[in-house]
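Trainee: Predicted structure and sequence below. I'll ask about it afterward.
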Protein chains: 2
Amino acid sequence: MAAQVPENFMDLIREPAFANLATLMKDGSPQVTPVWFDFDGVHVRINSAKGRIKDQNMRNHPRVALAIMDPRNPYRYMQIRGAVTEITEQGAEEHIDALAKKYLKVDRYPHRSANEVRVMYKITPERISTMG
Amino acid sequence: MAAQVPENFMDLIREPAFANLATLMKDGSPQVTPVWFDFDGVHVRINSAKGRIKDQNMRNHPRVALAIMDPRNPYRYMQIRGAVTEITEQGAEEHIDALAKKYLKVDRYPHRSANEVRVMYKITPERISTMG
């Protein structure tokens, strides 16, 4: 069973707040990157491109964690720990466009490069805790 | 040799930007928390209290990572990977007061609880990368 996002923190999911995503390097040490994300009702979904560090890390180690800060109040945040349970190229192009809509208010992601392959990662939350 | 913070990103060190700190749980999975921090010229220093998850994690696994976002521009950030090279109670009370000064503009940290023991962690940066 996926952990549930508390109703009073759903605004951090809907609004264009960034998630700081921790993944694990090959040697097991952590790495953190601010990322765009959305939520499909069960999974936190993020998007990257094939071959990037985040992509390699999530293929090697499915354990990830996120902190999502309220952009208006850094003392209010949600922490999620979970696992990448699906990695797919299917729908990944549409997904980066949906994220561009959420974060940039544009219909199409403007930073595509010709030789990159977009990838979508579905994270199943196992522990969710909130502060503030 | 500690990695150097680039001069054009020193503002993120001086100003009250938050760091998202990734530590490792006992099982090796990551955990992320927004934290206050400062910099002593070599180490990123953070502060917690004895027995908290972050405290336990850094005692068990010294490998950590941070992402420090520009509060005015989420597309500008610095990523740091490194190791906790010192954990000390010495100076930890003064350090939390210094952080309260940086982040809250007050002389004394206002959230002390009677039975907590403050701890300072010094992180030696090994890899620093910047974006934006």
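Mentor: Here it is on my side, so go on.
Trainee: ok now the helix ranked longest in chain A, how far from the chain's centre?
Mentor: Identified as the longest helix of chain A according to DSSP state H is helix A:92-104. Chain-centre distance of helix A:92-104: 12 Å, with C-alpha atoms, centre = their mean, to the nearest Å.
Trainee: Now do that helix: everything it contacts.
Mentor: With C-beta atoms under 8 Å, 6 or more residues apart in numbering or on different chains as the test, helix A:92-104 has contacts from A:16, A:36-38, A:45, A:47, A:106-110, A:112, A:117-120. Quick note: C-beta positions are derived from backbone N, CA and C, even for glycine.
Trainee: Which helix or which strand is home to the spatially most central residue of chain A?
Mentor: Compute the mean C-alpha point of chain A, and by C-alpha atoms, centre = their mean the closest residue is A:Ile46, 3.5 Å away. Assignment of secondary structure by DSSP states H and E places A:Ile46 within strand A:44-49.
Trainee: Checking the residue located most distally from the centre of chain A next. Helix, strand or coil?
Mentor: Centroid-distance maximum for chain A: A:Ala114 at 23.0 Å, with C-alpha atoms, centre = their mean. Taken by DSSP: H, G, I helix; E, B strand; the rest coil, the conformation at A:Ala114 corresponds to coil.
Trainee: about what we covered before: can you tell me which of the contacts of helix A:92-104 is nearest B:Pro62?
Mentor: Minimum separation from B:Pro62 among the contacts of helix A:92-104 (C-beta to C-beta) is found for A:Phe37, which lies at 28.6 Å.
Trainee: hang on, that closest one packs against A:Arg45?
Mentor: Yes - look at A:Phe37 against A:Arg45 with C-beta atoms under 8 Å: they come within range, at 6.3 Å.
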